[in-house]
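> What follows is a predicted protein model with its sequence.
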Amino acid sequence: MLSDDTLERMLRDSDPVRDGAATDPGSPTAAGILARVRRATRKRRRRILVLVPAVALTVAGATAGTYAWVAGDGKGHTLDSTGLTCVGPSNGDAVMNFDPATGDPVDTCRRQWSEFFGQSAPDALTACVDSSAQGSIKVYPGGRDQCARHHADPYRGPTQEQLSLSLLRTDLASHFADRTCIPHAELRKVIGRLLARHDLDGWTTRHFQTADKEPEGPCADISHFKEPQRIIWLGDHAAGTPINWP
């Protein structure tokens, strides 16, 4: 069995960035990076292929017998209902935005499979919740056994809170249709009203900050939803450009 020191050295040696300043995948910074990728995807109206190093999968397999894992909330629900990953047939995964109230993960990936990967979708696709810090929805080629093979649980659909959050997102987009600059104070006020309307108790808004602690700009946007902590992170928006709601 590999020791912790050996595993750590393997991971470090496989990482092309070795400055010791890796970002915690569960931190607001990491979630903000993911949110920016999704916003860029929406603006370009195409999908992004994210390549996963094969060595990372090898190391993960080596630790399977050593560490326990929990997928999502442990009950088949994701911790990030706004995102979906279609796991490709080789080393590329397609990451996209997702609405659990109107879409099915398997159907969504199946419709886009040929566009993503240049081939027809396999007969069997299975939606799972992975054991990452984000508890993401991933659709794998194959049957339900694929979930356990990837340290994941079968996806069992959205929670009631996630459905309510979807309605809030829809109402936000409708309320601010065609707006290109929304002051932070106005956006917070409308979000507060919609949180109450949809019985989303305990949710708050915060301004996403980098290490420089810059002040809020004149226009606001939603950076991402941090569901386990019930936080809606607000960011700054460039005036005059369309707002693409997550």
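Looks like it came in fine.
> could you point out which element follows the worst-scoring helix or strand of the chain on mean pLDDT?
Least confident helix or strand of the chain, by mean pLDDT, DSSP states H and E, is helix 54-62 with a mean of 38. Later in the chain than helix 54-62, the nearest helix or strand by DSSP states H and E is strand 83-87.
> For that following strand, give me every contacting residue.
For strand 83-87, contacts defined as Cβ atoms under 8 Å, 6 or more residues apart in numbering pick out 34, 38, 50, 93-98, 103, 105, 108-109, 112-113, 116, 134, 136-141. Just so you know, the C-beta spots here come from the backbone N, C-alpha and C atoms, and that holds for glycine as well.
> of those, buried ones?
Buried by 16 or more other Cβ atoms under 10 Å: 34, 38, 93-98, 103, 105, 108-109, 112-113, 116, 134, 136-141, out of these.
> low pLDDT regions in the protein?
Counting by pLDDT under 70, the chain has low-confidence residues at 1-68, 91, 209-213.
> Please enumerate the strands of it.
Taking DSSP state E as the criterion, the chain contains strands spanning 48-51, 83-87, 92-97, 125-129, 137-141, 153-154, 204-207, 220-226, 231-236.
> Let me have the ones you listed in CSV, extended by distance to K75.
Formatted as CSV, the strands of the chain follow (distance: least, Cβ to Cβ, whole Å):
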stretch, distance to K75
strand 48-51, 27
strand 83-87, 19
strand 92-97, 23
strand 125-129, 9
strand 137-141, 14
strand 153-154, 8
strand 204-207, 24
strand 220-226, 19
strand 231-236, 21
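> Would you mind saying which of the ones you listed lies nearest H77?
Closest to H77 of these is strand 125-129 (Cβ to Cβ; 6.7 Å).
> Contact partners for the nearest residue to G135 once chain neighbours are set aside?
Counting by Cβ to Cβ, 6 or more residues apart in numbering, G135 lies nearest to L79, which is 3.2 Å off, once chain neighbours are set aside. Residues in contact with L79 (Cβ under 8 Å, 6+ apart) are G72, D73, Q134, G135, S136, E227, P228.
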